[in-house]
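**Student:** quick one: sequence plus predicted model below, questions after.
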Amino acid sequence: MAFALPVHPMKKGDHLFLVDGSGYIFRAYHALPPLTRKSDGLPVGAVSGFCNMLWKLLQNARDTNVGVTPTHFAVIFDYSSKTFRNELYSEYKANRTEPPEDLVPQFGLIREATRAFDLPCIEKEGFEADDLIATYARHAVEAGGDATIISSDKDLMQLVGPCVSMYDPMKDREIRVPEVIEKWGVPPEKMIDLQALTGDSIDNVPGVPGIGPKTAAQLLEEYGDLDTLLDRASEIKQNKRRENLIAHADNARLSRELVRLRTDVPVDEGIDAFQLNPPDGPKLIGFLKAMEFTTLTRRVAEATGADAAEIEAATVEVAEGAAAHGPDLTVPSSGTGEAGAEGEVAPAGPRGETPHQLAKNLADQAATTAIDRTAYECIRTTERLEHWIGEAREAGIVAFDTETTSLDPMQAGLCGVSLAVAPGRAAYVPLSHKDGSGDLLGGGLIEDQIAEEEALTLLKPLLEDASVLKIGQNLKFDWLLLYRKGIEVAPYDDTMLISYALEAGAGHAGGGHGMDSLSERWLGHVPIPYKELTGTGRNQITFDMVEIEKATAYAAEDADITLRLWHVLKPRLVANGLTTVYERLERPMISVVGRMEHRGIQVDRQILSRMSGDFAQTAAGMEEEIYELAGDRFTIGSPKQLGEILFGRMGLPGGAKTKSGQWSTSAQVLEELAAAGHALPRRIVDWRQVTKLKSTYTDALPGYIHPETGRVHTSYSLASTTTGRLSSSEPNLQNIPIRTTEGRKIRRAFVAPEGCRLISADYSQIELRVLAHVAEIPQLRQAFADGLDIHAMTASEMFGVPVEGMPGEVRRRAKAINFGIIYGISAFGLANQLAIPREEASAYIKRYFERFPGIKDYMEETKAFARQNGYVETIFGRRAHYPEIRSSNPSVRAFNERAAINAPIQGSAADIIRRAMIRMEGALADAGLGEVKMLLQVHDELIFEAPVDLVEKAIPVIRETMESAAFPARNLSVPLQVDARAADNWDEAH
DNA sequence: GTGGTCTCCTA
DNA sequence: GTAGGAGACCACA
């Protein structure tokens, strides 16, 4: 260990150690025993290896093969592998692997570990660790010192020289010039040329096909360097090798720029700041204890003379790739920002600008370059289509949009496809446009259109190409349409979901995250309205009847706008720390939900038809009685007429008024009148129930049965709630009745096919559990840990009534209060719910806050946060915006405050089930349960269809996946509980 | 035909 | 008291 020296600049004889932190993480993860976990399950294997390595280098470097003691020390990380270039091309990386889930939390922990060792933790936005290491190594040498790079990455070997060496901490092996030559056959200064020839499949550096390290070394030995080799490539005897070198010379030069490290990064910290100081024993021990590294804790205590028993474990936050570093989730890539931009984003600006400037320029360009609809091409031949596909491949990115005959992706026919490869460079491929000259059966196909099948055959490889990023707006629609046609679009981005991650609830003009409002908001451009082409109402035509010229302007514009929006919005994810939310919670839902919608659920038409008949008879009888009691025939379904009868002619005491000043005829009002002994209101309530069930469910559902699949395919909206919940429509399958016996029967029409069962798995009390976690309420946590009846526990705590033999009414009130808390309680609302005086409700709330003071704190903190920031966050970092929370109108403000209190709870629960859904297919497949299909989501419930013989095996897999869904991103302080059951129909399964 | 209002279904 | 979607009615075009 170095002595405590006064600050001094690095000088001759000094030795700088530069640890490649990001590289180490991946290497340690794979090299060390996989299942090192803390007692609470947190995986810490890589952190453990990292700490041991640091300690060894700091304490006993001389005893290792490094052989020298450092005077300066720094740990370097990738700021985020999503530097601008990854932002633009993250999907461009072939073979890019997502890090394993149990490695993810360790990214943040390793930074924490570095700080606990009191070592500089260096990263710089827009640059990779390798570039920083190269720059600092140069600084050290220029100051007359030496540098040792702690890494075994071949990408860094180009830096090795007389004063710079490398050290592989796993093998305790030094890497100097002879070692590089031994391993690669070339000296360090030729490593760049060697890598340019061999390429790198992980980082997607192209290189020259057919040339591996052996051949590359031999060629460089013979020709000296890459330029000479390429100039004299024609002399090479081997035919294939010569042709490849000539054909891929440009790739080799590009690759050289990708692998060359930059030594001129404008760093924020000088190397003088890396001077090594003695460790802060207690601080380090606190961290090590928190990690439960007992052996190392003991060693550090011995070496620093601290008493480990006296020191408390530190509190260590586990973030899922801490917000600002979410992009660290991808494997680091090589190359510099400027080189990566070469030839691919040429319009963006001169070389040498930082990646973020480049991204900003692209965004500005996308937003400000005028949209010229006359510049779009109409693609009418396969040759032109192939040309555009080539352009898309070259760009590595393509926005696309499908034009169809219907808004329902399960029914829609394809009219055409549009593509955009750069802002302003867009085209439309008409496939099935008609001129109306044909007969009524739809003849009159216009000539000079590529046949759909032919076009899709050409497009499929592009749409499925792992190295080309596809961009859509509301992509689930196009994804599902193409999925029906045997194309699985990947990889992709969705501008609607990016916008949603950025500002759910922000509520700007135009409402949501549709293309028209996004275009207006971000590009200042109003796209051609769809209705301008198709008309509206009874004269509306389908898109295939639109003139091709107009269709081209419209469709190509959509693709153009989508691409521009992506340039503008995608960088904002990084800037706002929302990349992780988008990549882990939003984007993966497209294919998961797309498949669910595609599967649909079987609905028994007979059951519904029979019920409709029964309901019709019942309602007819009721109507006669109602007319009798009212003394007149009227439209019972008209609240206005009903109000006039009840409160006008019959003179019953009116209760509440509606917004527009009418007497309310809500069920609540009618129930009160019925309780007061009036006959008519009771009949009305019953009639409404029956007609509601008939019109909304038993009559409507059969109309949604798909003509070909015979099943019902709902459509889930991924971006229409403020909190992160899904919504379901056409039909809405998230509001199928359950509360009443009559209504519940409708669920019996949702069935499993012959030989299968439906499995229903639902989270028990998930929102209260989330509340107990986020508000840190000890009694609630304990009650959940003990598996108690949470409402009874609440009642017992509040009213002092023992749980044994508690009256139902007492528990019911506590339950209402618990729900009220989740909804951002008000005395008014609780009084309403429980039909008690407001004063009494007030007293309940007061007592609740006294018993659970953490709740009050949570509410106040949440409101303050929302006022301060205009949004609130779920435990996974999803944001829900409440721009009106600062309204001067007290009722608007109060409403927003309640919503802001509710959103983190409802939204965290929504995030958890999203995580479960995203993992479910893989979990089932891993268990050999690929035939078990997830069909529906109802906020806290998932419905599956499974072959009978797989049901018993599937249930534990489903339950386990759901119960562990928060992990490892978050360690909930409360267990999640899932109840699951199987049956022939949804009623009995639930 | 479109849009607002009222009511009611779910978590 | 939170978050949704949908059907019926009705006034407006």
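**Tutor:** Ah, there it is.

**Student:** hey, C-alpha coordinates of stretch A:683-690 in PDB?
**Tutor:** Output of stretch A:683-690 as PDB, limited to C-alpha atoms (Å, rounded to 0.1, in the frame of the first residue of the first chain):
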ATOM      1  CA  ARG A 683     -86.900  -3.100 -10.500                       C
ATOM      2  CA  ILE A 684     -84.900  -0.500 -12.400                       C
ATOM      3  CA  VAL A 685     -81.700  -1.700 -10.700                       C
ATOM      4  CA  ASP A 686     -82.500  -5.300 -11.600                       C
ATOM      5  CA  TRP A 687     -83.400  -4.400 -15.200                       C
ATOM      6  CA  ARG A 688     -80.200  -2.500 -15.700                       C
ATOM      7  CA  GLN A 689     -78.200  -5.400 -14.500                       C
ATOM      8  CA  VAL A 690     -79.800  -7.800 -16.900                       C
END
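
**Student:** can you tell if that stretch touches DNA strand C?
**Tutor:** No: using Cβ under 7 Å from any atom of the strand, stretch A:683-690 stays clear of DNA strand C, coming no nearer than 9.7 Å. Bear in mind the C-beta positions are built from the backbone N, C-alpha and C, glycine included.

**Student:** same check on stretch A:759-767?
**Tutor:** No: remark: stretch A:759-767 sits outside contact range of DNA strand C, by Cβ under 7 Å from any atom of the strand, the gap being at least 8.8 Å.

**Student:** show the average pLDDT along that stretch.
**Tutor:** The average pLDDT within stretch A:759-767 is 98.

**Student:** any idea how far DNA strand B is from the residue nearest to the spatial centre of chain A?
**Tutor:** Nearest to the mean C-alpha position of chain A, counting by Cα atoms, centre = their mean, stands A:L585 at 2.5 Å. Separation of A:L585 from DNA strand B (Cβ to the nearest atom of the strand, to the nearest Å): 18 Å.

**Student:** and that residue, how close does it get to DNA strand C?
**Tutor:** Distance from A:L585 to DNA strand C, by Cβ to the nearest atom of the strand: 16 Å.

**Student:** got a list of what that residue touches?
**Tutor:** A:A501, A:G724, A:F876, A:R878, A:D911, A:R914, A:R915, A:I918 (Cβ atoms under 8 Å, 6 or more residues apart in numbering).

**Student:** please tabulate those in a markdown table, including the columns secondary structure.
**Tutor:** Conversion of the contacts of A:L585 to a markdown table gives the following (DSSP: H, G, I helix; E, B strand; the rest coil):
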| residue | secondary structure |
| --- | --- |
| A:A501 | helix |
| A:G724 | coil |
| A:F876 | coil |
| A:R878 | coil |
| A:D911 | helix |
| A:R914 | helix |
| A:R915 | helix |
| A:I918 | helix |
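
**Student:** just those residues that are near DNA strand C?
**Tutor:** Okay, of the contacts of A:L585, nothing touches DNA strand C (Cβ under 7 Å from any atom of the strand).

**Student:** of these, closest to A:K745?
**Tutor:** A:R914 (31.1 Å; Cβ to Cβ).

**Student:** I figured that closest one hits A:M589, correct?
**Tutor:** Yes: counting by Cβ atoms under 8 Å, A:M589 is a contact partner of A:R914 at 6.4 Å.

**Student:** follow-up on the earlier one: A helix includes the residue nearest to the centre of chain A, no?
**Tutor:** Yes: counting by three-state DSSP, A:L585 falls inside a helix.

**Student:** which parts of the stretch 301-450 of chain A sit against DNA strand B?
**Tutor:** Counting by Cβ under 7 Å from any atom of the strand, no residue of the stretch 301-450 of chain A sits close to DNA strand B.

**Student:** output stretch A:254-266 as PDB, nothing but the C-alphas.
**Tutor:** The C-alpha trace of stretch A:254-266 is given here as PDB (Å, rounded to 0.1, in the frame of the first residue of the first chain):
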ATOM      1  CA  LEU A 254     -13.500   0.800 -41.600                       C
ATOM      2  CA  SER A 255     -12.700  -1.900 -39.100                       C
ATOM      3  CA  ARG A 256      -9.300  -0.400 -38.500                       C
ATOM      4  CA  GLU A 257     -11.000   2.800 -37.400                       C
ATOM      5  CA  LEU A 258     -13.500   0.900 -35.300                       C
ATOM      6  CA  VAL A 259     -10.700  -0.900 -33.300                       C
ATOM      7  CA  ARG A 260      -8.300   2.000 -33.000                       C
ATOM      8  CA  LEU A 261      -8.500   3.400 -29.500                       C
ATOM      9  CA  ARG A 262      -8.600   7.100 -29.000                       C
ATOM     10  CA  THR A 263      -5.900   8.500 -26.800                       C
ATOM     11  CA  ASP A 264      -7.200  12.100 -26.900                       C
ATOM     12  CA  VAL A 265     -10.400  11.800 -24.900                       C
ATOM     13  CA  PRO A 266     -11.100  15.100 -23.200                       C
END
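
**Student:** mean confidence score for it?
**Tutor:** Averaging pLDDT residue by residue across stretch A:254-266 gives 85.

**Student:** sorry, back to before: more neighbours, A:R914 and A:M589?
**Tutor:** Each of A:R914 and A:M589 has its neighbours counted (other Cβ atoms under 10 Å); A:R914 has more, 25 against 20.

**Student:** who's in contact with that one?
**Tutor:** Contacts of A:R914 by Cβ under 8 Å, 6+ apart are A:L585, A:M589, A:G724.

**Student:** with A:I836 instead?
**Tutor:** Contacts of A:I836 (Cβ under 8 Å, 6+ apart): A:L830.

**Student:** and the pLDDT at it?
**Tutor:** 94.

**Student:** cool, the one 3 residues further on as well?
**Tutor:** Per-residue confidence at A:E839 stands at 96 (pLDDT).

**Student:** and the helices in the stretch 301-450 of chain A?
**Tutor:** In the stretch 301-450 of chain A, helices defined by DSSP state H, counting those that start in this stretch lie at A:337-341, A:355-368, A:382-395, listed in chain order.

**Student:** let me fix that, I meant to ask about the stretch 51-200 of chain A.
**Tutor:** Under DSSP H, counting those that start in this stretch, the stretch 51-200 of chain A gives helices at A:84-89, A:104-116, A:129-142, A:177-184, A:191-198.

**Student:** mind putting the ones you listed in TSV, mean pLDDT, distance to DNA strand B and mean neighbour count included?
**Tutor:** Below are the helices of the stretch 51-200 of chain A laid out as TSV (pLDDT from 0 to 100; distance: least, Cβ to the nearest atom of the strand, whole Å; neighbours: other Cβ atoms under 10 Å):
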stretch	mean pLDDT	distance to DNA strand B	mean neighbour count
helix A:84-89	50	36	24
helix A:104-116	84	28	23
helix A:129-142	90	44	24
helix A:177-184	82	58	15
helix A:191-198	88	54	25
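
**Student:** and of those, who's closest to A:P968?
**Tutor:** helix A:104-116 (5.1 Å).

**Student:** which strands or helices does that closest one pack on?
**Tutor:** Counting contacts by 3 or more Cβ pairs under 8 Å, 6 or more residues apart in numbering; DSSP states H and E, helix A:104-116 is packed against helix A:21-31, helix A:45-60, strand A:121-122, helix A:281-291.

**Student:** rank these by pLDDT, which is bottom?
**Tutor:** helix A:21-31 (a mean of 76).

**Student:** what does that helix contact?
**Tutor:** A:45-46, A:49-50, A:53, A:75-78, A:81, A:99-100, A:103, A:106-107, A:110-111, A:114, A:121, A:129, A:150-153, A:169-170, A:328, A:331-332.

**Student:** and A:I590, how far from DNA strand B?
**Tutor:** Taking Cβ to the nearest atom of the strand, one finds A:I590 at 22 Å from DNA strand B.

**Student:** A:F543 too?
**Tutor:** A:F543 is 16 Å from DNA strand B, by Cβ to the nearest atom of the strand.

**Student:** again with A:L578
**Tutor:** A:L578 sits 25 Å away from DNA strand B, going by Cβ to the nearest atom of the strand.

**Student:** what do you get for A:E754?
**Tutor:** With Cβ to the nearest atom of the strand as the criterion, A:E754 and DNA strand B are 27 Å apart.
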